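Student: here you go, sequence then predicted model.
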Amino acid sequence: MFTKAIVRKPASTYANGITTSDLGKPDINLALKQHEAYCEALIKCGLELIILDADPNFPDSCFVEDTAVVTKDFGIITRPGDKRRLGEEIEIKKVLEPLLKLHYIEEPGTLDGGDIMQADNKFYIGISDRTNNEGSRQLSNILSKYNYEAISITVKDILHFKTGINYLGENNLLVQKSFFDLPDLKNYNKTIVKSTENYAANSLRINNCVIVPKGFPETKSNIEKLGYKIIELEMSEFQKMDGGLSCLSLRF
Ligand code: CIR
């Protein structure tokens, strides 16, 4: 069970953030509305929110997931892999310091939280353009102290590991096609997201709900068939900046 989440409001400079998508410029007012709806959904799922003010110096800073990896007992402050985002983690460190025992990813390691997927007692670490082998090695060392197993997986053609895969719980993985045959994931029950619904692979399990982006009916129905209660959220303005549901919060 998660009880808390950290979120950060989109900044006035949000449209200047990093993106590879060709979906056009985001509308900041609409992004703020969608962010409010996201916060309401987290509250509905039973979370108490720590809502941080926007920081216009960091256009991507609403994507707090990349700045830390958190569990109930400890947290790891990351070293974001794109230089333009280095520094976002400082505020998150301040917020987490009184709450959790903290560890740090250090230079030359880089690591974005979007590359880290926890599935029960295992952590999968995506090696991507943002997370390097050294970052993965440091994280694995920290996790091993807490008796978690760490498995690294190479990420190709998508921004972060969790852009393409998410653990729903009860051994259920939601996966884009490219992750279906990975030997490291062979023991999971996999639900494939069809390519026209790829964005919905970043659906988010929180307590007894799964939050799904609006507009992906087949994925929604497949998750429903697994027995989960669904909350759908409009995510258009975050999709334009390569962000998904998991990116917008740190849950613990
Ligand atoms: C970036 O490129 O870093 C942001 N525009 C999007 C980050 C999305 N975060 C995530 O998937 N965890």
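Tutor: Good, I have the coordinates.
Student: quick check: residues of the chain near the ligand?
Tutor: Near the ligand, the residues belonging to the chain are 17-19, 60, 63, 65-66, 82, 85, 114, 159-160, 163, 241-244, 247 when assessed by CB under 6 Å from any ligand atom. For glycine as for every other residue, the C-beta is placed from the backbone atoms N, C-alpha and C.
Student: just the buried subset of those, please.
Tutor: When neighbours are counted using 16 or more other CB atoms under 10 Å, those contain these buried positions: 17, 19, 60, 63, 65-66, 85, 114, 159-160, 163, 241-244, 247.
Student: between the residues you listed, which is closest to the ligand?
Tutor: The ligand lies nearest to Gly114 out of those, by CB to the nearest ligand atom, at 2.5 Å.
Student: and the closest one, that's in a helix?
Tutor: Yes: assigned with DSSP: H, G, I helix; E, B strand; the rest coil, Gly114 falls within a helix.
Student: show me the contacts for the closest residue to it other than its chain neighbours.
Tutor: Distances taken as CB to CB, 6 or more residues apart in numbering put His160 closest to Gly114, at 3.3 Å, once the chain neighbours are dropped. For His160, the set of contacting residues under the criterion of CB atoms under 8 Å, 6 or more residues apart in numbering consists of 66, 112, 114-115, 126, 128, 130, 247.
Student: if we can go back for a sec, okay, and which of the residues of the chain next to the ligand map to helices?
Tutor: Using DSSP state H, the subset of the residues of the chain next to the ligand located in helices is Thr163.
Student: the stretch 51-200 of the chain: helices as residue ranges?
Tutor: Defined through DSSP state H, counting those that start in this stretch, the helices belonging to the stretch 51-200 of the chain, from first to last, are 88-96, 133-145, 161-164.
Student: just say which of those is most tucked in.
Tutor: helix 161-164 (a mean of 24; mean count of other CB atoms under 10 Å).
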